[in-house]
Structures are given as C-alpha cells and as structure tokens.
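I need the structure of the sequence given here:
(one chain, ligands or ions: 1)
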Amino acid sequence: MPQINLTELAEQSFGTSLEQLDDRRIYKLLVKLVQERSATCPLNNGKKKLYYISAEFLIGKLLINNMIDLGIYDEVKDQLTAAGHDLNKIEEFEVEPSLGNGGLGRLAACFLDSIATLGLTGDGVGLNYHYGLFRQRFVDNQQKAVPDEWLGEQDILVDDDHSYTVEFGDFAVTSKLVNIDVPGYGQSTKNRLRLFDLASVDDGLVPGSSIDFDKTEIAKNLTLFLYPDDSDEQGRLLRIYQEYFMVSNAAQLLIDEAVERGSNLHDLADYAVVQINDTHPTMVIPELIRLLTTEHGIEFDEAVTIVRSMVAYTNHTILAEALEKWPLASLQKVSPAIADIIVKLDEIAKAEHDDPRVAIIDKHDTVHMAHMDIHFGFSINGVAALHTKILEDTELHPFYEIYPEKFSNKTNGITFRRWVHGANPALASLLDDVIGTDWRSTGDLSKLANFADDKDVLERLAATKVEAKAIMRQFMALEQGVTIPSNAIIDVQVKRIHEYKRQQMLALYIIWKYLDIKNGNRPKHPVTIIFGGKAAPAYTIAQDIIHLILTLSQWIANDPDVAPYLQVVMIENYNVTAAERVIPAADISEQISLASKEASGTSNMKFMLNGALTLCTLDGANVEIAELVGDENIYTFGASSKQVEQLYADGTYNAGALYRKPGIKLLVDFITNPAFMATGNAERLQRLHDDIKGKDWFMALLDIEEYIQTKERVLADYEDQDTWMRKALINIANAGTFSSDRTISQYNDEIWHLN
Ligand SMILES: *Cc1c(COP(=O)(O)O)cnc(C)c1O
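This next block holds a predicted model:
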C-alpha cells in the first residue's frame, strides 16, 4: 500500500495546507481515504460462507475503527498531531449509525470485526433502519424519544444492485440493498454488512420530532424504526412483517450467492451456514425451505434436511418476555406460505417428540420461535458459562435431554480494536511498551501479570487512567454540559435501563450515600456516579427509574452540603461513542444484575480491559471474570443464581418484609418524601416507590444491604492507590479471554467450519 501523505492530499483536494484545513474538511479527506483503501480490498471468497443474521448491528462510528483495521491509523494520527489537529474532534463530524439498541447489537458488530480479522468469509445481514431505535432526550428530567435521523449525513453506505420481491399475505414489496464494508485488522481482504431496505419506504410518515407513525402502511414504513413500539397489536404485527422481510431477503441473497459459487442447492450446506442472532431471524428456517421447494424444485423432506444442517441459533436471554412467541394467526396474515410450513415443521417435531413442553405450536396456537430454532437448527449456544448452564439445566432442559449434542457455550467477547486501540490509545501504547505489540494481533495480555509489582508500570498505568479521565471530562463538558471534578472516583453503570439490571438498586445506594454525607461522613475523594442507557418507550417502570436518577442528580447538585462530595450524571442518548469516552475513564464497573438474569454482559468485559475494578453479582460473564482474576481482584456480593431461582420457584420472595427493615425503609421512602417528590413527577416517583415496596420483581431489596457494604469497601480500597492499580493491572492481564477473536474462533471451530 502506498504511504499516506495528508499534506499532499490536503493540497490536492482543497488547495491548502494541512495546518490550515478545518476539521470538517479533514474529516471529508479521511472518509475518502478510507473509502478508497477499503474499495481496493477484495472480498473474502471461501467456498462456504457465513450469514450472520441479526435485527441489530450497533456498529458505532467507523472512521477510526476502519483506519485501525486498514493499518493506517497511527500514520494518520501522527501526521494530524504534527499539524496541530485532534482526531477526536475530527471524529465529531461523523454521525453514529442507528442500527442497534444494546448488547446484542454491539456483540454482532464486534463479531463482524473479528470474522473479518480472522479472514473468514462471512457477512452480516440486517435492515437499514432510517430512524434507528430513537434518539434519547431529557425533558423535565424524563426521557423523550425522538427519531434518530442518521441517514442524511452518513458516508458509509455503498449501493448494491441486489433487489428482491418479498411477498406478504395480501401484497408484495421490493427491496433494495446497501452494504457497509468490514475490513479485517491486519488483512488485505474484507467482508460486508448487508442492509436491506424497502424500495417504497416513505420517510414522510415520520413527522419531525415524534416516533409515532402510521403502523398500518406496511409497504411504506417497514424499515423506518428498529423495534417499533410493540405494546399494541398493530406494533406486534409490524414487527413480524419486519422480521419476515429481513429473512426473506437474507435467504434469497444466500441462495443466489451459493449458486454463483457453484452450489446445485442439494449441497447448499457446503456453501452456506446461517447464525440466527436471538429469535428475531427465526423465520429464515421456513423461508429457506419455501424457496428450496417452490422456487428450486427440491422435495420438502430434502429441503428440511438441508436446512437442518445449515442453521445455528444463539440464545441471548432467559427472560420469558423476550423469547418471542407469535400467534399463528398473525404469522398467517404476514405470510400464509410461511405459516403453512411452520405447521408442517410442528407436525414433524411432534411426531419426533411427543412432549408439549417442546412443541413449536402450543395448545393456544402460539408459535414458539426458539423451539423452531432448536428442533430445526443443528446448534444452540448460550453466551456465557453460567447462562448456558441455566439453559441446559432449567430453561431449555427438555430440549437438552433430547439434543445434548446441539448445546454449547460461546462466552461473548469484544473487539480490542475498538475498545483499546481506538478508545484508549494511552493504554494501548503502554501495553506496547511493556509487553510488546503482539497483543494487538493475538489478544494475549497475560504477560502484563509479570509487572504486577513493578512500581514504574503501575504508575504509568495510573497515568493512562488520568489521561482517559481527561478525555471523558472533555466529552462530558462539551457534549453533556456537565463538569466532573478531576479527582473524582468514576463509578459507572451504562447499559439499557431494565429492572433486572437494577439501576434502581444503584439509585438506592445513592440515597444512602447522600444521607450518609448529610450526617457528616465526607468521602476522601469526591464520587461521580455515571449512568447511561435508553428505556423502551412502552416500559413504564424503566422510564420511572430514569426519572428517579435525573431527579436525584438535580437534588444532590442543589445541595451544597453534599454536592462537593457526590455527583450523579446521566448521559443523554448513551451510544457507542459515549461508551468509548466513558468506559476507559471508569474506576468502578457496576455489574449488579439479579443473579441468573444477565445472560453474559459485554460492558463488564470492556471495563475490565480498560482497568476498572468490577463490583458485581455472580451473574453472566462476571462469574468468568471472577474466576480469572481471583477473589482479591474483584468485588462480588449478593444472592447466588441458585438462591434466586429457588426464590422464584417457591414464590417466597417478600419485598414488603424487607422494606420494613428500618435501614431499607428509610431509603425507599426517600423517593416519596414530599420535598423530594415536589421537585419531580409525583406519579412516576410514587409508582416506582410502590413497585419496589410491594413487588420488587428483581429483588433489589434482597441485595441492597450487602451492596452498600461492598461498595463502601471498594471506595475505601481506592484510597490505597498502589494496591488498587495492582488489581487493575491483574484485570487487564486477564482480559485476553474476552477478545471476540477468541469467541469467533470457537464459533468457527465448533459450529461454522469455514475455510
Ligand atoms: C457494550 C454496550 C452495551 C452492552 O452493555 P451491557 O452492560 O453488557 O448490557 C450496550 N450499549 C452500548 C452502547 C455498548 O457499547
């Protein structure tokens, strides 16, 4: 590849020197550079190809990531720095694509990066949402959801001339396809993310500032939003239309490409493998069968056999409400042909296994999508050791008895390119200095452990934290309008707002800490507690939790006795860009879900990799982090997943009894203290108070006392910086396991068998 000379490019493109060029024009210059480099990379072209189908790809901004993957980042950065420019400022001109929502979508994005980095032939397939999930605004300390317009200004979509007809029950639509290049780190080849859109989509259906739109005009609205509000019948039906549109396009593309590469379709499984990311793409199973039989003359039984050997499913949750179940009648309305095939598949499954617990269609004519995946896929995996164990032992136990060989664990991972090289350059260069640069390709950080008692290395590690905090504080000041003290302990819980993740428990801790400071116990360092996350628009209690956090934030900021010692910040519109700024700066990683409820988590891995200490329940991948780093380098608390499962099974959890303990009552009742309530929305605060007191389905009151004690121990330990930095170093040294390159190697060796 030719050397990069930005000075020359600046002269050629704009007739001015690099020093003189403004950030916007530099941004344009870099976009063009990346596009040109990426365009010259040939596609990976193995015989067998992976199709990673997902409703979400939370890819984040791509400019810096692609420069890293294309191997030009350091050169570009050095030349810009020499000319007096700051890459972080230049990156502000890039819009973050709005194609995902939370951990599952971010996982899909990390996976695409690793698939390309390992040189495997595999594309992502999804939808091109015009307004994403939504953009989060805070108005009167409440979440307001507005359309996230990102398509207008993006520079990443490349047109593709594939177009398909998708037939629904009473009408048909035409699709169009756009691609996003996915170069691999250290590779000269690339893959792509394929995003289908509706040729007839009408942006005019979304009027300005509201995410409400006419849900009935399917042929015009199908790709406007990710997860349109499904709290009503129309919304649920639209979701099914979307899913079928996604998988019909994916299946048609897959067959076209396999034929192009020489498949006679009887041998399709030698040419393609499908990973179904959560249940949203499940209808790809009947759709492939439909296409093979009706369009390509293959007998039904053979088509079933083919599909059964090429489809694999990843389960991401054990929360019952998230395992999709659709009324058969709804599927019939969306696609009678698909509903017919599902009925036949259900008959086959029932003939093979006469057990209502594993039926695809239950006695209420409800279709269990995950059941179809397990019967008609060759693989099902969980996403962390504990999660897979729970699937095997309880949630999906009847299936595990039938198909033990189909089950496996693939603990999630994260791409180090984005979460260290890009997000924490100071740490990346320290690692280069201390353990050499091999870690950049191998992900192996274990040599760092040899320096656990090296005072110089520990001091330099502390300095990288200071640098990351400076970047975070600048982001908070410019983008969020908040000033964070430079000496504050940074304590972070960033993730979707959900009761099981228990942001409400951290809010109760904040109340405790507030009262403790009021009583004169002033912390040695100020503590800044940072939240970030969106709540589903129809999820009332989650909105109430956001309101409590924002109201507390304001209440504390206005109290001169406490404000110098405690600060609560909630990031508006938490997304990948915010994560990249905040996670490297964190001292404490809050992973406090109710044990058994968080399948894996991936932010826990990002924090660990960036040298934060984890404060956690033994849930999801926290269990694996704890095993790796050892008890003395992590802070665990709370009921075990076994205890929690027992409480649910017995139905003996009693929030009211715990609430009556004086120490707990004081905290919960603060929410409805008249003076506090007067500063917020009384209805929201009252509802949340009553919910915690009367129901507390995710048992915040069960763990709150131990949580407070443990957190106080963490804060006290922070005062011994030598020991603290040693713990941080041990965490980083053990984070190599959580590279998504490791995860993808396992998927490939044990499931996909590409190349
Ligand atoms: C990593 C990530 C998540 C997932 O966080 P969890 O704590 O694992 O739920 C969600 N959103 C963004 C923007 C992320 O980067």
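
could you check how far the closest residue to residue 513 other than its chain neighbours is from residue 557?
Leaving aside its sequence neighbours, residue 513 sits nearest to residue 566 (Cβ to Cβ, 6 or more residues apart in numbering; 5.8 Å). Every residue, glycine included, has its C-beta placed from N, CA and C. Using Cβ to Cβ, to the nearest Å, residue 566 is found at 9 Å from residue 557.

neighbour count for the two, which is higher?
residue 566 (23 against 15; other Cβ atoms under 10 Å).

how about that one, what does it touch?
By Cβ atoms under 8 Å, 6 or more residues apart in numbering, the contact list for residue 566 reads 510, 513, 514, 517, 523, 526, 527, 529, 556.

hang on, the fourth one is in a helix, isn't it?
Yes. The assignment for residue 517, made by DSSP: H, G, I helix; E, B strand; the rest coil, places it in a helix.

spell out which parts of the protein neighbour the ligand.
102, 103, 106, 495, 575, 576, 579, 601, 602, 603, 606 (Cβ under 6 Å from any ligand atom).

pick the one among the contacts of residue 566 closest to the ligand.
residue 529 (15.6 Å; Cβ to the nearest ligand atom).

overlap in contacts, residue 566 and residue 557.
Between them, residue 566 and residue 557 share no contacting residue, judged by Cβ under 8 Å, 6+ apart.

for the stretch 451-600 of the chain, give the residue positioned nearest to the ligand.
Of all residues in the stretch 451-600 of the chain, residue 495 sits closest to the ligand, at 3.4 Å by Cβ to the nearest ligand atom.

do I have it right that that residue meets residue 501?
Yes. At 5.7 Å, residue 495 and residue 501 qualify as touching, with contact defined as Cβ atoms under 8 Å.

and residue 742, how many neighbours?
Close neighbours of residue 742, defined as other Cβ under 10 Å, add up to 17.

show me the contacts for whichever residue of the stretch 101-250 of the chain sits closest to the ligand.
Proximity of the stretch 101-250 of the chain to the ligand (Cβ to the nearest ligand atom) peaks at residue 103, 3.3 Å away. By Cβ under 8 Å, 6+ apart, residue 103 lies in contact with 316, 495, 496, 600, 601, 602, 603.

contacting residues around the residue lying closest to residue 19 once chain neighbours are set aside?
Nearest non-adjacent residue to residue 19, counting by Cβ to Cβ, 6+ apart: residue 83, 4.8 Å away. Counting by Cβ under 8 Å, 6+ apart, residue 83 touches 6, 7, 17, 18, 19.

residue 20 is in contact with the second one, correct?
No. Using Cβ under 8 Å, residue 7 and residue 20 do not qualify as a contacting pair, with a distance of 10.8 Å.

who has more neighbours, the two?
In this comparison of residue 7 against residue 20, neighbours counted by other Cβ under 10 Å, the higher total goes to residue 7 at 15 against 11.

in the helix or strand where that one lies, what counts as buried?
Assigned by DSSP states H and E, residue 7 falls within helix 6-14. Across helix 6-14, burial judged by 16 or more other Cβ atoms under 10 Å covers 6, 9, 10, 14.

re earlier: in strands, which of the contacts of residue 566 fall?
527, 529 (DSSP state E).

want to try a markdown table for the contacts of residue 566, with neighbour count and pLDDT as columns?
Shown next, in a markdown table, are the contacts of residue 566 (neighbours: other Cβ atoms under 10 Å; pLDDT from 0 to 100):
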| residue | neighbour count | pLDDT |
| --- | --- | --- |
| 510 | 24 | 98 |
| 513 | 23 | 98 |
| 514 | 21 | 98 |
| 517 | 20 | 98 |
| 523 | 19 | 96 |
| 526 | 17 | 98 |
| 527 | 23 | 98 |
| 529 | 26 | 98 |
| 556 | 21 | 98 |
